[in-house]
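In: Sharing a sequence plus its predicted fold:
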Amino acid sequence: MSAFTLSSDCHALLCELQLQRAASTRYLQDTLYAPGAPGRALLDTLDQLQQWGLVRQRTEQQWSLTAEGTLTLILAVRAGECPMQQWSRIPSVTGLERAQEVVRELCLGEAGQIPAYYQSAELLSLLDLPDAPRLLAGSSPAWQALLLEHFALQALLDAEPEIGRASCRERV
């Protein structure tokens, strides 16, 4: 993820996919590009983002963010490389989905709060990425505590058993 710099077009695509959760090529073309603009530019950008693992093609004309794309977007917003998503554009009937709430709060950095309810699978998909520890810097104290707890527990789970200890089988 950190091996490349994204253009403003890439950031705009990531933001739009975060807001929509999934979007068609046609919708992205109509929303992000001037009328009459060639569609090849959009397809080239989507292909590049897909090669980097930031988006995935769900069906022939349907796109969505990957966990890596979501993390990239959060870090870009925090670094000031792209503007915060316009969360007000989400229809008020449905409001923010729980996953979007987590992303919004993480984008807020030090001002972000842990939502009262969220799906742990959505958060875990972000925290299992190699660059996830980059979320620690600039997070609120509540988020830092949650992130540190997760990373510590994951390190314990990933740790090799101690060689010096006798196993149960050896004692028998």
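Out: Structure received.
In: And the longest helix seen in the chain, what does it pack against?
Out: Criterion DSSP state H: the longest helix present in the chain is helix 141-158. If you count contacts as 3 or more CB pairs under 8 Å, 6 or more residues apart in numbering; DSSP states H and E, helix 141-158 packs onto helix 120-127. C-beta: built from backbone N, CA, C; applies to glycine.
In: Counting neighbours, show which residues of the helix it packs on come out buried.
Out: Neighbour counts using 16 or more other CB atoms under 10 Å place 122-123, 125-127 of helix 120-127 among the buried residues.
In: Could you do stretch 132-152 as well?
Out: In stretch 132-152, counting by 16+ other CB under 10 Å, buried: 132, 134-135, 138-140, 143, 147, 150.
In: For that stretch, report the contacting residues that lie outside it.
Out: The contact list for stretch 132-152 (CB atoms under 8 Å, 6 or more residues apart in numbering) reads 71, 74-75, 78, 105-106, 108-114, 124, 126-127.
In: chain center to the longest helix of the chain, what's the gap?
Out: Centroid separation for helix 141-158 versus its chain: 18 Å, with CA atoms, centre = their mean, to the nearest Å.
In: repeat for stretch 128-136
Out: 10 Å.
In: Let's see the distance spanning that stretch from one end to the other.
Out: Start-to-end span of stretch 128-136 (CA to CA, to the nearest Å) is 14 Å.
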